[in-house]
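Student: Structural data only, the sequence is not supplied:
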RNA sequence: GUGGGUAUAGCGUAGCUGGUUAACGCGUCAGUUUGUGGCACUGAAGACCAAGGGUUCGAAUCCCUUUACCCACCCCA
(Lines give C-alpha, C1' and ligand atoms only; values in the text may rest on other atoms or scores of the structure.)
Protein backbone atom coordinates (compact mmCIF):
# COMPACT_ATOMS: atom_id res chain seq x y z
CA UNK A 1 0.00 0.00 0.00
CA UNK A 2 1.07 3.49 -0.82
CA UNK A 3 2.31 5.72 1.94
CA UNK A 4 -0.45 8.25 1.35
CA UNK A 5 -3.11 5.64 1.98
CA UNK A 6 -1.62 4.54 5.26
CA UNK A 7 -1.78 6.28 8.61
CA UNK A 8 1.64 6.96 10.16
CA UNK A 9 3.09 4.31 12.42
CA UNK A 10 1.63 4.29 15.88
CA UNK A 11 -1.51 6.20 14.97
CA UNK A 12 -4.99 4.78 14.73
CA UNK A 13 -8.21 5.97 13.13
CA UNK A 14 -11.20 6.07 15.41
CA UNK A 15 -13.85 4.77 13.06
CA UNK A 16 -17.55 5.64 13.07
CA UNK A 17 -18.44 2.12 14.15
CA UNK A 18 -16.22 2.47 17.22
CA UNK A 19 -16.83 6.08 18.11
CA UNK A 20 -19.50 5.29 20.68
CA UNK A 21 -16.76 3.74 22.81
CA UNK A 22 -14.91 7.03 22.86
CA UNK A 23 -18.04 8.97 23.60
CA UNK A 24 -18.77 6.65 26.48
CA UNK A 25 -15.45 7.08 28.25
CA UNK A 26 -15.00 10.74 27.38
CA UNK A 27 -18.43 11.77 28.58
CA UNK A 28 -18.23 9.68 31.72
CA UNK A 29 -14.84 10.98 32.75
CA UNK A 30 -15.67 14.61 31.97
CA UNK A 31 -19.00 14.51 33.76
CA UNK A 32 -17.59 12.88 36.83
CA UNK A 33 -14.75 15.39 36.94
CA UNK A 34 -17.34 18.15 36.76
CA UNK A 35 -19.10 16.75 39.80
CA UNK A 36 -15.80 17.29 41.60
CA UNK A 37 -15.79 20.90 40.47
CA UNK A 38 -13.25 20.50 37.70
CA UNK A 39 -13.39 22.89 34.77
CA UNK A 40 -12.24 21.86 31.33
CA UNK A 41 -8.98 23.31 30.08
CA UNK A 42 -7.79 23.05 26.51
CA UNK A 43 -4.17 23.83 25.85
CA UNK A 44 -2.24 23.83 22.58
CA UNK A 45 -1.18 20.60 20.94
CA UNK A 46 2.40 21.86 20.86
CA UNK A 47 4.47 23.91 23.26
CA UNK A 48 7.98 25.26 23.47
CA UNK A 49 10.31 22.34 23.92
CA UNK A 50 11.82 23.96 27.01
CA UNK A 51 8.53 23.62 28.87
CA UNK A 52 8.75 19.85 28.80
CA UNK A 53 12.46 19.79 29.47
CA UNK A 54 11.84 21.81 32.61
CA UNK A 55 8.50 20.36 33.59
CA UNK A 56 8.78 16.70 32.77
CA UNK A 57 12.50 16.54 33.46
CA UNK A 58 15.58 16.65 31.29
CA UNK A 59 16.81 13.23 32.30
CA UNK A 60 13.59 11.32 31.73
CA UNK A 61 13.18 8.89 28.85
CA UNK A 62 10.12 10.77 27.72
CA UNK A 63 12.12 13.95 27.17
CA UNK A 64 15.36 12.39 26.06
CA UNK A 65 14.11 9.84 23.58
CA UNK A 66 10.42 10.08 22.95
CA UNK A 67 9.43 13.61 22.05
CA UNK A 68 8.21 14.79 18.69
CA UNK A 69 10.41 17.85 18.45
CA UNK A 70 10.99 20.06 15.43
CA UNK A 71 12.00 23.59 14.57
CA UNK A 72 9.35 25.90 13.20
CA UNK A 73 10.10 28.29 10.36
CA UNK A 74 11.58 30.86 12.70
CA UNK A 75 13.86 28.26 14.22
CA UNK A 76 11.96 27.90 17.50
CA UNK A 77 12.07 24.44 18.99
CA UNK A 78 8.54 23.11 19.23
CA UNK A 79 7.35 19.84 20.77
CA UNK A 80 4.07 17.97 20.44
CA UNK A 81 2.86 17.47 23.99
CA UNK A 82 3.99 14.14 25.39
CA UNK A 83 1.73 14.56 28.44
CA UNK A 84 -0.79 17.03 29.73
CA UNK A 85 0.45 18.36 33.03
CA UNK A 86 3.21 20.71 31.90
CA UNK A 87 0.90 22.52 29.50
CA UNK A 88 -1.80 22.81 32.13
CA UNK A 89 0.65 24.35 34.59
CA UNK A 90 1.92 26.75 31.97
CA UNK A 91 -1.60 27.81 31.03
CA UNK A 92 -2.59 28.27 34.67
CA UNK A 93 0.43 30.48 35.28
CA UNK A 94 0.19 32.44 32.07
CA UNK A 95 -3.48 33.25 32.58
CA UNK A 96 -3.29 33.98 36.28
CA UNK A 97 -5.59 31.11 37.18
CA UNK A 98 -3.65 30.52 40.38
CA UNK A 99 -4.49 34.00 41.64
CA UNK A 100 -8.14 33.14 42.09
CA UNK A 101 -9.74 31.18 44.89
CA UNK A 102 -7.87 27.93 45.35
CA UNK A 103 -7.93 25.07 44.86
CA UNK A 104 -7.99 25.28 41.12
CA UNK A 105 -9.40 22.09 39.64
CA UNK A 106 -8.94 21.36 35.94
CA UNK A 107 -9.58 18.50 33.57
CA UNK A 108 -8.67 17.89 29.96
CA UNK A 109 -9.09 15.42 27.13
CA UNK A 110 -6.18 15.57 24.76
CA UNK A 111 -3.98 13.67 22.38
CA UNK A 112 -0.43 13.09 23.54
CA UNK A 113 2.51 12.18 21.34
CA UNK A 114 5.50 10.01 22.09
CA UNK A 115 7.93 8.56 19.62
CA UNK A 116 8.01 5.00 20.90
CA UNK A 117 7.90 1.56 19.37
CA UNK A 118 4.17 0.91 19.15
CA UNK A 119 2.71 -2.25 20.60
CA UNK A 120 -0.45 -3.38 22.27
CA UNK A 121 -1.77 -0.54 24.41
CA UNK A 122 0.96 1.81 23.28
CA UNK A 123 0.61 4.27 20.46
CA UNK A 124 2.56 7.26 19.25
CA UNK A 125 -0.55 9.36 19.38
CA UNK A 126 -2.74 8.40 22.29
CA UNK A 127 -5.51 10.08 24.16
CA UNK A 128 -5.38 11.07 27.77
CA UNK A 129 -8.04 12.22 30.15
CA UNK A 130 -6.32 14.16 32.90
CA UNK A 131 -7.14 16.07 36.05
CA UNK A 132 -4.98 18.62 37.87
CA UNK A 133 -5.50 20.19 41.28
CA UNK A 134 -3.54 23.26 42.34
CA UNK A 135 -3.22 25.01 45.64
CA UNK A 136 -3.83 22.35 48.20
CA UNK A 137 -1.29 20.48 50.21
CA UNK A 138 -3.79 18.60 52.29
CA UNK A 139 -3.74 14.79 52.16
CA UNK A 140 -7.52 14.95 51.80
CA UNK A 141 -7.02 16.34 48.32
CA UNK A 142 -4.83 13.37 47.40
CA UNK A 143 -7.60 11.09 48.53
CA UNK A 144 -10.28 13.05 46.72
CA UNK A 145 -8.32 12.88 43.49
CA UNK A 146 -7.80 9.15 43.77
CA UNK A 147 -11.46 8.77 44.63
CA UNK A 148 -12.38 10.55 41.42
CA UNK A 149 -10.30 8.23 39.23
CA UNK A 150 -11.67 5.26 41.12
CA UNK A 151 -15.18 6.62 40.61
CA UNK A 152 -14.70 6.84 36.88
CA UNK A 153 -13.64 3.22 36.65
CA UNK A 154 -16.52 2.16 38.83
CA UNK A 155 -18.94 4.17 36.73
CA UNK A 156 -17.62 2.49 33.59
CA UNK A 157 -17.90 -0.83 35.42
CA UNK A 158 -14.29 -1.86 34.93
CA UNK A 159 -13.46 -5.00 36.83
CA UNK A 160 -10.27 -6.16 38.46
CA UNK A 161 -8.62 -2.78 38.48
CA UNK A 162 -6.06 -2.62 41.23
CA UNK A 163 -5.01 0.62 42.86
CA UNK A 164 -1.42 0.79 44.01
CA UNK A 165 -0.08 3.70 45.97
CA UNK A 166 3.24 4.81 47.29
CA UNK A 167 5.00 7.89 48.57
CA UNK A 168 8.28 8.99 47.13
CA UNK A 169 8.68 11.71 49.71
CA UNK A 170 9.85 15.28 49.42
CA UNK A 171 13.25 16.27 48.00
CA UNK A 172 14.69 16.14 51.51
CA UNK A 173 13.79 12.59 52.46
CA UNK A 174 14.27 11.40 48.94
CA UNK A 175 17.90 12.49 49.10
CA UNK A 176 18.33 10.35 52.19
CA UNK A 177 16.72 7.45 50.50
CA UNK A 178 18.77 7.77 47.35
CA UNK A 179 21.89 7.77 49.43
CA UNK A 180 20.79 4.53 51.03
CA UNK A 181 19.99 3.04 47.66
CA UNK A 182 23.39 3.93 46.28
CA UNK A 183 25.02 2.27 49.21
CA UNK A 184 22.90 -0.84 48.86
CA UNK A 185 23.31 -1.24 45.12
CA UNK A 186 26.91 -0.08 45.29
CA UNK A 187 27.95 -3.37 46.78
CA UNK A 188 26.60 -5.22 43.71
CA UNK A 189 27.72 -2.65 41.22
CA UNK A 190 29.67 -5.05 39.03
CA UNK A 191 26.67 -7.33 38.61
CA UNK A 192 24.14 -4.69 37.61
CA UNK A 193 22.97 -4.33 34.03
CA UNK A 194 24.57 -1.57 32.01
CA UNK A 195 21.69 0.85 32.17
CA UNK A 196 21.44 0.38 35.91
CA UNK A 197 25.11 1.12 36.34
CA UNK A 198 24.41 4.49 34.82
CA UNK A 199 21.19 5.04 36.72
CA UNK A 200 22.94 4.37 39.98
CA UNK A 201 24.41 7.85 39.97
CA UNK A 202 21.70 9.82 38.23
CA UNK A 203 18.48 8.34 39.52
CA UNK A 204 18.94 5.28 41.70
CA UNK A 205 15.20 4.92 42.29
CA UNK A 206 14.83 3.69 38.76
CA UNK A 207 16.83 0.58 39.62
CA UNK A 208 13.85 -0.62 41.60
CA UNK A 209 11.69 -1.33 38.61
CA UNK A 210 14.44 -2.64 36.34
CA UNK A 211 13.24 -5.85 34.79
CA UNK A 212 16.54 -7.52 34.11
CA UNK A 213 16.64 -10.65 36.23
CA UNK A 214 19.67 -9.79 38.27
CA UNK A 215 18.68 -6.24 39.08
CA UNK A 216 15.15 -7.37 39.80
CA UNK A 217 16.52 -9.82 42.31
CA UNK A 218 18.44 -7.13 44.13
CA UNK A 219 15.37 -4.95 44.28
CA UNK A 220 13.65 -7.36 46.61
CA UNK A 221 15.97 -6.66 49.47
CA UNK A 222 16.63 -3.04 48.61
CA UNK A 223 15.82 -0.32 51.12
CA UNK A 224 12.22 0.82 50.99
CA UNK A 225 11.38 4.48 50.52
CA UNK A 226 8.67 4.36 53.14
CA UNK A 227 11.32 3.73 55.79
CA UNK A 228 13.11 6.91 54.84
CA UNK A 229 10.24 9.36 54.75
CA UNK A 230 10.65 12.38 56.97
CA UNK A 231 8.02 12.88 59.66
CA UNK A 232 6.04 15.30 57.59
CA UNK A 233 5.91 13.09 54.50
CA UNK A 234 5.16 10.04 56.57
CA UNK A 235 2.28 11.81 58.23
CA UNK A 236 0.99 12.96 54.87
CA UNK A 237 1.07 9.46 53.45
CA UNK A 238 -0.61 7.99 56.52
CA UNK A 239 -3.38 10.55 56.24
CA UNK A 240 -3.91 9.77 52.59
CA UNK A 241 -4.21 6.11 53.45
CA UNK A 242 -6.60 6.80 56.25
CA UNK A 243 -8.82 8.90 54.01
CA UNK A 244 -8.87 6.15 51.41
CA UNK A 245 -9.79 3.65 54.07
CA UNK A 246 -12.56 5.93 55.26
CA UNK A 247 -13.90 6.20 51.74
CA UNK A 248 -13.70 2.46 51.43
CA UNK A 249 -11.33 2.59 48.48
CA UNK A 250 -9.20 -0.50 48.28
CA UNK A 251 -5.53 -0.22 47.48
CA UNK A 252 -2.23 -1.88 48.05
CA UNK A 253 0.90 -0.06 49.04
CA UNK A 254 3.59 -0.80 46.50
CA UNK A 255 6.86 0.76 47.62
CA UNK A 256 8.37 0.03 44.22
CA UNK A 257 6.21 2.41 42.25
CA UNK A 258 8.59 4.93 40.77
CA UNK A 259 7.07 7.28 38.29
CA UNK A 260 9.04 8.09 35.18
CA UNK A 261 8.33 11.79 35.26
CA UNK A 262 10.54 13.92 37.46
CA UNK A 263 7.93 16.20 38.90
CA UNK A 264 6.30 13.83 41.34
CA UNK A 265 6.63 14.25 45.11
CA UNK A 266 4.94 12.44 47.98
CA UNK A 267 1.90 10.48 46.86
CA UNK A 268 2.11 8.49 43.65
CA UNK A 269 -0.43 5.96 42.44
CA UNK A 270 -1.34 3.70 39.56
CA UNK A 271 -4.49 1.92 38.55
CA UNK A 272 -3.52 -1.40 37.03
CA UNK A 273 -5.38 -3.93 34.91
CA UNK A 274 -4.13 -7.02 33.18
CA UNK A 275 -6.59 -6.62 30.35
CA UNK A 276 -4.56 -4.30 28.15
CA UNK A 277 -1.63 -6.27 26.81
CA UNK A 278 1.48 -6.02 28.88
CA UNK A 279 0.84 -2.35 29.60
CA UNK A 280 -0.78 -2.68 32.97
CA UNK A 281 -1.18 0.95 33.87
CA UNK A 282 -4.43 2.50 32.73
CA UNK A 283 -4.21 5.53 34.97
CA UNK A 284 -1.41 7.07 36.95
CA UNK A 285 -0.70 10.20 38.86
CA UNK A 286 0.45 11.78 42.03
CA UNK A 287 1.49 14.94 43.77
CA UNK A 288 3.93 17.44 42.29
CA UNK A 289 4.56 20.13 44.81
CA UNK A 290 7.63 21.55 43.12
CA UNK A 291 6.39 21.74 39.57
CA UNK A 292 4.69 25.13 39.51
CA UNK A 293 7.77 26.77 40.93
CA UNK A 294 10.00 24.84 38.55
CA UNK A 295 8.06 26.25 35.64
CA UNK A 296 8.35 29.75 36.94
CA UNK A 297 5.50 30.45 39.33
CA UNK A 298 5.35 30.84 43.05
CA UNK A 299 5.46 27.72 45.12
CA UNK A 300 2.00 26.24 44.68
CA UNK A 301 1.38 22.59 45.46
CA UNK A 302 -0.27 20.48 42.81
CA UNK A 303 -1.44 16.98 42.07
CA UNK A 304 -3.13 15.13 39.25
CA UNK A 305 -3.60 12.01 37.25
CA UNK A 306 -3.88 10.94 33.65
CA UNK A 307 -5.84 8.06 32.16
CA UNK A 308 -4.85 6.38 28.91
CA UNK A 309 -8.15 6.19 27.07
CA UNK A 310 -7.08 3.57 24.53
CA UNK A 311 -6.10 1.34 27.41
CA UNK A 312 -9.34 1.94 29.26
CA UNK A 313 -11.25 0.97 26.13
CA UNK A 314 -9.07 -2.12 25.73
CA UNK A 315 -9.99 -3.20 29.22
CA UNK A 316 -13.65 -2.52 28.58
CA UNK A 317 -13.52 -4.48 25.34
CA UNK A 318 -11.85 -7.39 27.09
CA UNK A 319 -14.54 -7.32 29.73
CA UNK A 320 -17.41 -6.93 27.27
CA UNK A 321 -18.43 -3.67 28.84
CA UNK A 322 -21.50 -1.75 27.81
CA UNK A 323 -20.98 1.30 25.68
CA UNK A 324 -23.62 3.82 24.82
CA UNK A 325 -25.49 2.42 21.82
CA UNK A 326 -24.96 3.79 18.36
CA UNK A 327 -27.68 6.21 17.28
CA UNK A 328 -30.42 4.92 15.05
CA UNK A 329 -32.30 6.72 12.34
CA UNK A 330 -35.70 7.92 13.60
CA UNK A 331 -37.56 7.89 10.33
CA UNK A 332 -36.90 7.04 6.70
CA UNK A 333 -39.27 8.56 4.19
CA UNK A 334 -39.27 6.79 0.84
CA UNK A 335 -40.60 8.24 -2.39
CA UNK A 336 -42.01 6.34 -5.33
CA UNK A 337 -41.22 8.81 -8.08
CA UNK A 338 -39.49 12.08 -8.65
CA UNK A 339 -42.27 14.30 -7.33
CA UNK A 340 -42.85 12.29 -4.17
CA UNK A 341 -39.12 11.94 -3.49
CA UNK A 342 -38.85 15.68 -3.61
CA UNK A 343 -41.81 15.99 -1.28
CA UNK A 344 -40.20 13.46 1.07
CA UNK A 345 -37.11 15.60 1.19
CA UNK A 346 -39.23 18.52 2.36
CA UNK A 347 -40.78 16.47 5.15
CA UNK A 348 -37.37 15.21 6.20
CA UNK A 349 -36.11 18.77 6.44
CA UNK A 350 -38.98 19.67 8.77
CA UNK A 351 -38.15 16.75 11.04
CA UNK A 352 -34.46 17.60 11.08
CA UNK A 353 -35.34 21.11 12.17
CA UNK A 354 -37.02 19.44 15.12
CA UNK A 355 -33.86 17.51 15.93
CA UNK A 356 -34.84 14.14 14.58
CA UNK A 357 -32.57 11.99 12.49
CA UNK A 358 -34.66 11.69 9.35
CA UNK A 359 -33.57 10.31 5.99
CA UNK A 360 -34.79 10.05 2.47
CA UNK A 361 -33.35 8.64 -0.72
CA UNK A 362 -30.59 10.70 -2.26
CA UNK A 363 -29.08 8.13 -4.59
CA UNK A 364 -32.08 7.28 -6.77
CA UNK A 365 -32.93 3.84 -5.45
CA UNK A 366 -36.02 1.82 -6.15
CA UNK A 367 -38.66 1.76 -3.45
CA UNK A 368 -37.63 -1.70 -2.40
CA UNK A 369 -34.00 -0.70 -2.20
CA UNK A 370 -34.97 2.34 -0.15
CA UNK A 371 -36.73 0.09 2.33
CA UNK A 372 -33.72 -2.16 2.56
CA UNK A 373 -31.52 0.81 3.15
CA UNK A 374 -33.89 2.09 5.85
CA UNK A 375 -33.52 -1.25 7.53
CA UNK A 376 -29.73 -1.05 7.38
CA UNK A 377 -29.85 2.34 9.03
CA UNK A 378 -31.79 0.70 11.81
CA UNK A 379 -34.59 3.18 11.20
CA UNK A 380 -37.25 3.04 13.89
CA UNK A 381 -39.96 4.13 11.46
CA UNK A 382 -40.49 4.29 7.75
CA UNK A 383 -43.02 5.97 5.55
CA UNK A 384 -43.76 5.77 1.85
CA UNK A 385 -44.91 8.82 -0.06
CA UNK A 386 -46.46 8.40 -3.48
CA UNK A 387 -49.13 9.90 -5.66
CA UNK A 388 -51.94 8.70 -3.40
CA UNK A 389 -50.40 10.12 -0.27
CA UNK A 390 -49.70 13.45 -1.86
CA UNK A 391 -53.28 13.62 -3.03
CA UNK A 392 -54.85 12.60 0.27
CA UNK A 393 -52.39 14.43 2.51
CA UNK A 394 -52.07 11.32 4.65
CA UNK A 395 -49.48 8.57 4.86
CA UNK A 396 -48.80 5.46 6.88
CA UNK A 397 -46.09 5.58 9.48
CA UNK A 398 -44.67 2.12 9.92
CA UNK A 399 -42.97 0.90 13.04
CA UNK A 400 -40.11 -1.14 11.60
CA UNK A 401 -39.87 -3.45 14.52
CA UNK A 402 -43.49 -4.31 15.19
CA UNK A 403 -44.83 -3.65 11.71
CA UNK A 404 -47.65 -1.55 13.20
CA UNK A 405 -48.90 1.27 11.09
CA UNK A 406 -50.57 4.52 11.98
CA UNK A 407 -51.87 7.26 9.75
CA UNK A 408 -50.34 10.71 9.95
CA UNK A 409 -50.92 13.98 8.15
CA UNK A 410 -48.23 14.94 5.73
CA UNK A 411 -49.68 18.31 4.92
CA UNK A 412 -49.82 21.50 6.96
CA UNK A 413 -49.44 20.00 10.43
CA UNK A 414 -47.04 17.20 9.57
CA UNK A 415 -44.66 17.66 12.47
CA UNK A 416 -47.44 18.03 15.03
CA UNK A 417 -49.04 14.91 13.71
CA UNK A 418 -45.89 12.81 13.81
CA UNK A 419 -43.90 14.31 16.66
CA UNK A 420 -45.41 12.36 19.53
CA UNK A 421 -45.37 9.12 17.58
CA UNK A 422 -41.64 9.40 16.95
CA UNK A 423 -40.89 10.48 20.50
CA UNK A 424 -42.95 7.71 21.95
CA UNK A 425 -40.76 4.96 20.70
CA UNK A 426 -38.77 2.97 23.13
CA UNK A 427 -37.51 -0.03 21.27
C1' G B 1 17.83 -0.27 19.14
C1' U B 2 17.13 -6.05 20.10
C1' G B 3 14.12 -10.47 19.49
C1' G B 4 9.59 -13.29 17.52
C1' G B 5 5.30 -13.37 14.17
C1' U B 6 2.25 -11.95 10.01
C1' A B 7 1.42 -9.98 4.92
C1' U B 8 -4.30 -13.38 -0.31
C1' A B 9 -10.99 -8.83 -2.69
C1' G B 10 -13.82 -3.33 1.89
C1' C B 11 -13.41 -6.80 6.44
C1' G B 12 -12.35 -11.90 8.30
C1' U B 13 -10.15 -16.26 6.33
C1' A B 14 -8.97 -20.96 3.07
C1' G B 15 -5.47 -22.37 -0.49
C1' C B 16 1.06 -22.87 0.86
C1' U B 17 4.23 -31.40 -0.02
C1' G B 18 4.37 -25.75 -6.93
C1' G B 19 0.14 -27.25 -12.29
C1' U B 20 -5.34 -24.69 -16.44
C1' U B 21 -10.45 -18.84 -15.27
C1' A B 22 -7.28 -18.01 -6.71
C1' A B 23 -12.01 -20.27 -2.94
C1' C B 24 -15.37 -19.23 1.31
C1' G B 25 -18.02 -16.16 4.99
C1' C B 26 -19.48 -11.10 6.05
C1' G B 27 -20.24 -6.59 3.56
C1' U B 28 -21.71 -3.91 -1.17
C1' C B 29 -25.06 -3.84 -5.57
C1' A B 30 -29.07 -6.11 -8.40
C1' G B 31 -33.05 -9.61 -8.95
C1' U B 32 -36.89 -13.47 -6.99
C1' U B 33 -43.44 -9.90 -11.56
C1' U B 34 -44.71 -4.50 -11.31
C1' G B 35 -46.03 0.80 -4.01
C1' U B 36 -42.93 -1.48 1.31
C1' G B 37 -37.43 -3.73 4.83
C1' G B 38 -35.69 -7.87 8.02
C1' C B 39 -35.49 -14.33 6.37
C1' A B 40 -34.34 -17.38 2.21
C1' C B 41 -32.72 -18.14 -2.77
C1' U B 42 -30.24 -16.41 -7.47
C1' G B 43 -26.74 -13.42 -9.68
C1' A B 44 -23.03 -9.35 -10.17
C1' A B 45 -19.02 -6.23 -9.04
C1' G B 46 -14.48 -6.56 -6.38
C1' A B 47 -7.61 -9.38 -5.56
C1' C B 48 -1.86 -7.83 -10.97
C1' C B 49 -2.12 -13.24 -3.89
C1' A B 50 2.85 -6.59 0.29
C1' A B 51 7.10 -5.08 -3.19
C1' G B 52 11.48 -6.63 -5.90
C1' G B 53 14.56 -10.50 -7.47
C1' G B 54 15.70 -15.83 -8.05
C1' U B 55 14.70 -21.41 -8.89
C1' U B 56 11.29 -23.86 -12.56
C1' C B 57 8.29 -25.67 -18.63
C1' G B 58 5.10 -23.54 -14.75
C1' A B 59 4.83 -20.04 -8.08
C1' A B 60 -0.05 -17.11 -3.91
C1' U B 61 2.57 -21.72 -2.95
C1' C B 62 10.05 -22.97 -2.71
C1' C B 63 14.62 -19.46 -1.87
C1' C B 64 16.72 -14.40 -1.09
C1' U B 65 16.13 -9.09 -0.25
C1' U B 66 13.18 -5.01 1.08
C1' U B 67 8.98 -2.70 3.22
C1' A B 68 4.82 -2.49 6.33
C1' C B 69 2.06 -4.06 10.33
C1' C B 70 1.55 -6.94 14.91
C1' C B 71 3.69 -8.81 19.49
C1' A B 72 7.57 -8.65 23.28
C1' C B 73 11.95 -6.18 25.68
C1' C B 74 12.98 -0.88 27.16
C1' C B 75 9.87 2.97 28.83
C1' C B 76 5.22 4.77 29.91
C1' A B 77 -0.98 6.43 30.13
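Tutor: Structure received. Please read all numbers here as calculations on a predicted model, not as lab measurements. Numbering: from 1, shown residues only, chains lettered A, B, ... in the order given.

Student: Okay, the one residue in the stretch 201-350 of chain A that gets nearest to RNA strand B and residue A:110: tell me how far apart.
Tutor: Residue nearest to RNA strand B within the stretch 201-350 of chain A: residue A:260 (1.3 Å; C-beta to the nearest atom of the strand). To be clear about C-beta, it is placed using only N, CA and C from the backbone, and glycine gets the same treatment. Noted for residue A:260: a distance of 19 Å to residue A:110, by C-beta to C-beta, to the nearest Å.

Student: same check, this time on residue A:154
Tutor: Relative to residue A:110, residue A:154 is positioned 24 Å away (C-beta to C-beta).

Student: buried set for stretch A:359-377?
Tutor: By neighbour count with 16 or more other C-beta atoms under 10 Å, stretch A:359-377 contains the buried residues A:359, A:360, A:361, A:367, A:370, A:371, A:373, A:374, A:377.

Student: same check, this time on stretch A:176-196
Tutor: Buried, per 16+ other C-beta under 10 Å, within stretch A:176-196: A:176, A:177, A:178, A:180, A:181, A:184, A:185, A:192, A:193, A:196.

Student: what's the most distant pair in those?
Tutor: Across those, no pair lies farther apart than A:176 and A:193, at 25.3 Å, counting by C-beta to C-beta.

Student: which residues in the stretch 251-400 of chain A form strands?
Tutor: In the stretch 251-400 of chain A, the segments counted as strands under DSSP state E, counting those that start in this stretch are A:252-253, A:265-272, A:281-287, A:302-308, A:331-335, A:358-360, A:381-385, A:394-399.

Student: Go through these and name the closest to residue A:3.
Tutor: Evaluated over the strands of the stretch 251-400 of chain A, closeness to residue A:3 peaks at strand A:302-308, with 27.8 Å, by C-beta to C-beta.

Student: Does that closest one reach RNA strand B?
Tutor: Yes: counting by C-beta under 7 Å from any atom of the strand, contacts between strand A:302-308 and RNA strand B involve A:306, A:307, A:308.

Student: hey, what's the last one bridged with?
Tutor: It refers to residue A:308. residue A:128 (DSSP bridges).

Student: Tell me how far it lies from residue A:270.
Tutor: For residue A:308 relative to residue A:270 (C-beta to C-beta), the value is 11 Å.

Student: shared neighbours of those two, which are they?
Tutor: With contacts defined as C-beta atoms under 8 Å, 6 or more residues apart in numbering, the residues shared by residue A:308 and residue A:270 are A:281, A:283.

Student: okay, and for the stretch 201-350 of chain A, where does confidence drop off?
Tutor: In the prediction, the stretch 201-350 of chain A carries residues with pLDDT under 70 at positions A:210-213.

Student: Which residues of it lie near RNA strand B?
Tutor: Residues of the stretch 201-350 of chain A lying near RNA strand B (C-beta under 7 Å from any atom of the strand): A:206, A:209-212, A:258-261, A:270, A:277-284, A:306-308, A:310-311, A:336.
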